[in-house]
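A.B. asks: test case, fold it:
(2 chains)
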Amino acid sequence: MTAHVDTDVDPQAPPAQATWQSKLARAGLRALPHVGRWAAAIAGALLIFSILVSFKGANPIDVFGDMWTSTFSRSRSIGEIFIRMAPLALAALAVVVPARAGMINVGGEGQVIVGAVAAAGVGLATDQVLPGGVVLLLMAIAAILAGALWAGIAALLRLVFNVNEAVTTLLLNFVSLDLLLFLIYQPWRESPTQQPATRQLATEAQLPTLAATGVHVGIVVAVIAAVVLALALGRTRWGFRLAVVGGNPEAARRAGMPVTVLLLSALLVGGALAGLAGMIEFAGVETKLRPGFGTQIGYVGFLASWLARHKPVPVLIAAFTLAALAVGADSLQLDSGLPAATINILTALLLMAVLGWTAFRKKAA
Amino acid sequence: MQHRTLKTAFAALVAASALVLAACTPATDGTTPGTTADASGAPGTGGTAIGFITVGPKDDYGYNQAVIEASVIVGEAFPDMQILTAENIPEDDSAVATMEQMIDRGAKIIFATSYGHLDAAQKVAAAHPDVVVVQQGNAIAGEPGANIGTYFGTVYEPMYLAGIAAGAATETNVLGYVYAFPIPQTIANINAFIRGAQSVNPEATVVTVSTSSWCDPAAQREAANSLLSQGADVLTQHQDCTKTVIDAAEAAGVYTVGYHADASELAPAGWLTGAVWDWGPLYVDIVENITVGDFTGGPFNANYRVGYKTGTNPFVLAGYGPSVSAETIALIAEQQAWLGSDEGSPFLGPVLAQDGSEAVADGVIPSYDELDGMNYFVAGVIGNLAN
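C.D. replies: Down below sits the predicted model:
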């Protein structure tokens, strides 16, 4: 079940009567250089990082060892990874869908924020009067609509005035931040004697957790969204048409495809996913809006999507990796005494290595 | 074919959702599993480490640097304790995760040092009754739990004194104030600063700009430029990292009043004075109190405040710049003694609010508690509290 869309013909296609063993062997051989490149890229990044860390007086082996222990052999950390991963994966999927149609959605950050704002607006207005489950549902709907609407502004500008959506989505991020600040400084501010923030969402209206793990259900939503998108992009007419528009809009137009509708739908679905990410972060983790709400979920999700080559299921792996790095960041400070920025260096090195040294097969984008 | 795939997927989805819902339990009171209650000892005792989280970097010429420097003094005073520091910890729920990482490394005492860390501090304290969390600068409403408290110095007192230097120095009668958030601590600083200035220069006004961040150099640069264009000839700030605004003032040839740290080396010409932190002694007192088991019900299990009146304000006046006259220095010394007396306060009534109404009646001195709730600007402040 992969979302991979191969549009060209493989010259080395096996003859029809080939056995599955030989097919597997061929596939393995073809993948080998690819896997090798990934391994080399990651190893190279870790090597450069080791050198930098040594200059800071830390032993790289200890640094990696402590980071691994702190992140993967501590139950609280594992839970923390899944909690952080959920909105990241959704924000990454918000980039995946427009990318399939050849568009770049840099506005995940803003769409996450307006999603959270809409969820907070609905949630805080109803959590005292309606049952928790209903409030959650209303918040999710509001967040999805708000995210889609926010992305819709960029879509409209693209379709009517042909303004590049990469620019408009990015600029709308700043507008959404101002909107958030206005609301928590003025109408929604809980207490004039505290840092500007809304009141807390009622406990019953917060996202439920999975059994006794302390992990909220956001991760399940993210996984379902990734699987559904993989099917929708890989197996439906809509997904196929998006890929055609992304590959060659003119060809799609001549083939009679509704290009405008397709482009619009891709951005709206993207915005909706990011909006949902905002709702999950609000109702699952933060439970109130603060000035720094969502710290960079949209931008990190953007990276996750590129890391996963804009494919829905690999996005989960990318989001997991970035979430694990974020959780491991504490270990760099607490165990190795390295500066807080160290984790950014490690993340950046890994991203540059993977994006730069592993082949980007354009046809699959 | 396509339809069958979709149908199968849909069925799988429904099944998966049902499973998930069955596995769900409603969120409880937010307590984290793995709570390590130790019934034998008092909260905060028996640890092997002390944790400090800061919202900004360790070397910010300001608030966070002062915390980290004092954590070193704590380490010297308690050589058996490991000092754990974590910088750049945001004022959101992720601070909880970092504090729990410290707890898992043996910390039973945690200093959550930014104003906005209070929510996270309260969450950690509730989930870990054996750990003491002390929060710097904010105030807990109502009765604090047995293992949490806040502490701070009366930051507005030295800012009142610095205001005297600013009021004496200004020629345009416009002072500029870059601040982060409209919270009582900041509002009291701005109000004290202008009242200090007006005590020597009744014409003085102060223009305020908020950046909505404790440290955002780009926003600080913009704010400083905006203040300079409005004619401000003394700039001061309530920011964690102070370099950008001070650099901007020095470059424009105007005066600077510093905050959090002595940055006179950044402004050799324009430096007037400033207020700097000396947290070491107070931190050591707090840790001492906790480790002997006296925290609960003690002075730090509350909103602990010290100032000139108690004689132990951890916020002290920095040195003077070359342009400050001997006359002004003498006046400031005199005023500092007055603030330390029972009759002195930057907010000794009558105090008029920005809109001209009476905020503090004639002859009244507001208490520290009342000032922790200050939510209005006084006369002479230009700007409003709504961002």
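
A.B. asks: contacts, neighbours, all on C-alpha from now
C.D. replies: OK.

A.B. asks: buried residues in stretch B:281-301?
C.D. replies: Neighbour counts over stretch B:281-301 (16 or more other C-alpha atoms under 10 Å in any protein chain shown) mark B:282-284, B:286-291, B:293-296, B:299-301 as buried.

A.B. asks: closest to residue A:225 among these?
C.D. replies: For the buried residues of stretch B:281-301, the residue nearest residue A:225 by C-alpha to C-alpha is residue B:301; the value is 46.8 Å.

A.B. asks: please enumerate the helices of chain A.
C.D. replies: A:20-55, A:60-72, A:75-100, A:108-126, A:132-161, A:165-185, A:218-235, A:237-247, A:249-254, A:259-281, A:297-307, A:312-334, A:342-357 (DSSP state H).

A.B. asks: adding mean pLDDT, write these out as TSV.
C.D. replies: Formatted as TSV, the helices of chain A follow (pLDDT from 0 to 100):
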stretch	mean pLDDT
helix A:20-55	84
helix A:60-72	93
helix A:75-100	95
helix A:108-126	97
helix A:132-161	96
helix A:165-185	94
helix A:218-235	96
helix A:237-247	94
helix A:249-254	91
helix A:259-281	96
helix A:297-307	94
helix A:312-334	94
helix A:342-357	88
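
A.B. asks: now render the ones you listed as TSV, adding distance to chain B and mean neighbour count.
C.D. replies: Compiled in TSV, the helices of chain A are given as follows (distance: least, C-alpha to the nearest C-alpha, whole Å; neighbours: other C-alpha atoms under 10 Å in any protein chain shown):
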stretch	distance to chain B	mean neighbour count
helix A:20-55	17	14
helix A:60-72	8	18
helix A:75-100	8	28
helix A:108-126	14	29
helix A:132-161	9	22
helix A:165-185	6	19
helix A:218-235	7	20
helix A:237-247	9	21
helix A:249-254	21	15
helix A:259-281	10	29
helix A:297-307	13	25
helix A:312-334	6	23
helix A:342-357	11	17
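
A.B. asks: tabulate those (TSV), appending distance to residue B:136.
C.D. replies: TSV is the format used below for these (distance: least, C-alpha to C-alpha, whole Å):
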stretch	distance to residue B:136
helix A:20-55	32
helix A:60-72	27
helix A:75-100	26
helix A:108-126	28
helix A:132-161	34
helix A:165-185	22
helix A:218-235	33
helix A:237-247	53
helix A:249-254	58
helix A:259-281	27
helix A:297-307	28
helix A:312-334	20
helix A:342-357	26
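
A.B. asks: of all those helices, which one comes closest to residue B:153?
C.D. replies: Here helix A:165-185 is closest among those (C-alpha to C-alpha), at 25.9 Å.

A.B. asks: and the closest one with helix A:259-281, angle?
C.D. replies: Computed by axes from the mean of the first three to the mean of the last three C-alpha atoms, to 10 degrees, the angle separating helix A:165-185 from helix A:259-281 equals 30 degrees.

A.B. asks: report the angle between helix A:165-185 and helix A:297-307.
C.D. replies: For helix A:165-185 against helix A:297-307, the angle by the same axes, to 10 degrees is 150 degrees.

A.B. asks: residue B:383 reaches residue B:209, doesn't it?
C.D. replies: Yes. Counting by C-alpha atoms under 8 Å, residue B:383 touches residue B:209, with 7.2 Å between them.

A.B. asks: more neighbours: which of those two?
C.D. replies: residue B:209 (24 against 14; other C-alpha atoms under 10 Å in any protein chain shown).

A.B. asks: and residue A:131, how many neighbours?
C.D. replies: Residue A:131: 12 surrounding residues under other C-alpha under 10 Å.

A.B. asks: oh sorry, the question was meant for residue B:80
C.D. replies: 11.

A.B. asks: pretty sure it is in a helix, no?
C.D. replies: No. Residue B:80: not assigned to a helix; according to DSSP: H, G, I helix; E, B strand; the rest coil it is coil.

A.B. asks: if I look at it, how far off is residue B:46?
C.D. replies: To residue B:46, residue B:80 is 11 Å away according to C-alpha to C-alpha, to the nearest Å.

A.B. asks: and residue A:25, by the same measure?
C.D. replies: 60 Å.

A.B. asks: hang on, residue B:134 packs against residue B:149?
C.D. replies: Yes. When contacts are counted by C-alpha under 8 Å, residue B:134 is listed as touching residue B:149 (5.0 Å).

A.B. asks: any common contacting residues for the two?
C.D. replies: Counting by C-alpha atoms under 8 Å, 6 or more residues apart in numbering or on different chains, the residues touching both residue B:134 and residue B:149 are residue B:300.

A.B. asks: now the residue positioned nearest the centre of chain A. Nearest residue, chain neighbours left out?
C.D. replies: Centroid-nearest residue in chain A: residue A:92, 2.3 Å away (criterion: C-alpha atoms, centre = their mean). In this structure, residue A:92 finds its nearest non-sequential neighbour in residue A:301, 4.1 Å apart by C-alpha to C-alpha, 6 or more residues apart in numbering or on different chains.

A.B. asks: same deal with residue B:155?
C.D. replies: Leaving aside its chain neighbours, residue B:155 sits nearest to residue B:315 (6.2 Å; criterion: C-alpha to C-alpha, 6+ apart).

A.B. asks: near residue A:338, how many other residues are there?
C.D. replies: Counted with other C-alpha under 10 Å, residues neighbouring residue A:338 total 22.

A.B. asks: next one: it relative to residue A:243, how far apart?
C.D. replies: On the measure of C-alpha to C-alpha, residue A:338 and residue A:243 end up 45 Å apart.

A.B. asks: could you give the number of residues near the residue lying closest to residue B:156 once chain neighbours are set aside?
C.D. replies: Using C-alpha to C-alpha, 6+ apart and skipping residues adjacent in sequence, the residue nearest residue B:156 is residue B:189, 4.5 Å away. Under the neighbour criterion other C-alpha under 10 Å, residue B:189 is assigned a count of 24.

A.B. asks: please name the residues that touch residue B:189.
C.D. replies: B:155-157, B:159-160.

A.B. asks: what strand or helix carries it?
C.D. replies: Residue B:189 belongs to helix B:184-200 when assigned by DSSP states H and E.

A.B. asks: can I get that helix in PDB, CA atoms only?
C.D. replies: Output in PDB follows, covering the C-alpha atoms of helix B:184-200 (Å, rounded to 0.1, in the frame of the first residue of the first chain):
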ATOM      1  CA  PRO B 184       2.000  43.300  36.500                       C
ATOM      2  CA  GLN B 185       5.800  43.000  37.000                       C
ATOM      3  CA  THR B 186       6.500  44.900  33.800                       C
ATOM      4  CA  ILE B 187       3.700  47.400  34.300                       C
ATOM      5  CA  ALA B 188       5.000  48.200  37.800                       C
ATOM      6  CA  ASN B 189       8.500  48.700  36.300                       C
ATOM      7  CA  ILE B 190       7.300  51.100  33.600                       C
ATOM      8  CA  ASN B 191       5.200  53.000  36.200                       C
ATOM      9  CA  ALA B 192       8.000  53.200  38.700                       C
ATOM     10  CA  PHE B 193      10.400  54.300  36.000                       C
ATOM     11  CA  ILE B 194       8.300  57.200  34.900                       C
ATOM     12  CA  ARG B 195       7.500  58.200  38.400                       C
ATOM     13  CA  GLY B 196      11.200  58.300  39.200                       C
ATOM     14  CA  ALA B 197      11.800  60.400  36.100                       C
ATOM     15  CA  GLN B 198       8.900  62.800  37.000                       C
ATOM     16  CA  SER B 199      10.200  63.200  40.500                       C
ATOM     17  CA  VAL B 200      13.000  65.300  39.000                       C
END
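
A.B. asks: sweet, I'm off.
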